[in-house]
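Visitor: below: sequence and its predicted model.
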Amino acid sequence: AQLTSASFAETLGGGGEILVALATALFAYSTLLGWSYYGEKAVEYLAGARAIRAYRVVFVSVVIIGAMMQLEFVWNFSDLMNGLM
């Protein structure tokens, strides 16, 4: 991301860095929405519609906790969960 940001800044000026930061933030947000929906549908299939509310609470809690954890742990946990899936 730093190289991309520097490249855009060199080509487009200060607006390039802002563009890369905005694109990265939107990508992260859309990824969260996508994984949330994917997990919600899996929980609905496995446990029924009544379990969706509990899944949403757990998902939001994990997102908040993950934002406060060290990045290496978050990546390792993420890789483990994807592997188990």
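Guide: Noted; the coordinates are in hand.
Visitor: who's in contact with the residue nearest to residue 21 when sequence neighbours are not counted?
Guide: Leaving aside its sequence neighbours, residue 21 sits nearest to residue 5 (Cβ to Cβ, 6 or more residues apart in numbering; 7.2 Å). For the C-beta atoms, the positions are set from N, CA and C on the backbone; glycine is no exception. Residue 5 makes contact with 16, 17, 20, 21 under the criterion Cβ atoms under 8 Å, 6 or more residues apart in numbering.
Visitor: so of the residues you listed, which ones are in helices?
Guide: Members of the contacts of residue 5 lying in helices (criterion: DSSP state H): 16, 17, 20, 21.
Visitor: just give me the neighbour total for the residue nearest to the first one when sequence neighbours are not counted.
Guide: With Cβ to Cβ, 6+ apart as the criterion, residue 16 has its nearest non-adjacent residue at 3.0 Å, and that residue is residue 8. One way to gauge burial is a neighbour count; for residue 8, by other Cβ atoms under 10 Å, it gives 19.
Visitor: quick one: mean pLDDT over the strand or helix carrying residue 8.
Guide: Per DSSP states H and E: residue 8 is located in helix 2-12. Per-residue pLDDT over helix 2-12 has a mean of 85.
Visitor: just the C-alphas of that helix, formatted as PDB.
Guide: In PDB, the C-alpha atoms belonging to helix 2-12 read as follows (Å, rounded to 0.1, in the frame of the first residue of the first chain):
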ATOM      1  CA  GLN A   2       2.900   2.400   0.700                       C
ATOM      2  CA  LEU A   3       4.400   1.900  -2.700                       C
ATOM      3  CA  THR A   4       1.100   2.300  -4.400                       C
ATOM      4  CA  SER A   5       0.400   5.400  -2.400                       C
ATOM      5  CA  ALA A   6       3.800   6.900  -3.200                       C
ATOM      6  CA  SER A   7       3.400   6.100  -6.900                       C
ATOM      7  CA  PHE A   8      -0.100   7.700  -7.000                       C
ATOM      8  CA  ALA A   9       1.300  10.700  -5.100                       C
ATOM      9  CA  GLU A  10       4.200  11.100  -7.600                       C
ATOM     10  CA  THR A  11       1.800  11.000 -10.500                       C
ATOM     11  CA  LEU A  12      -1.300  12.800  -9.200                       C
END
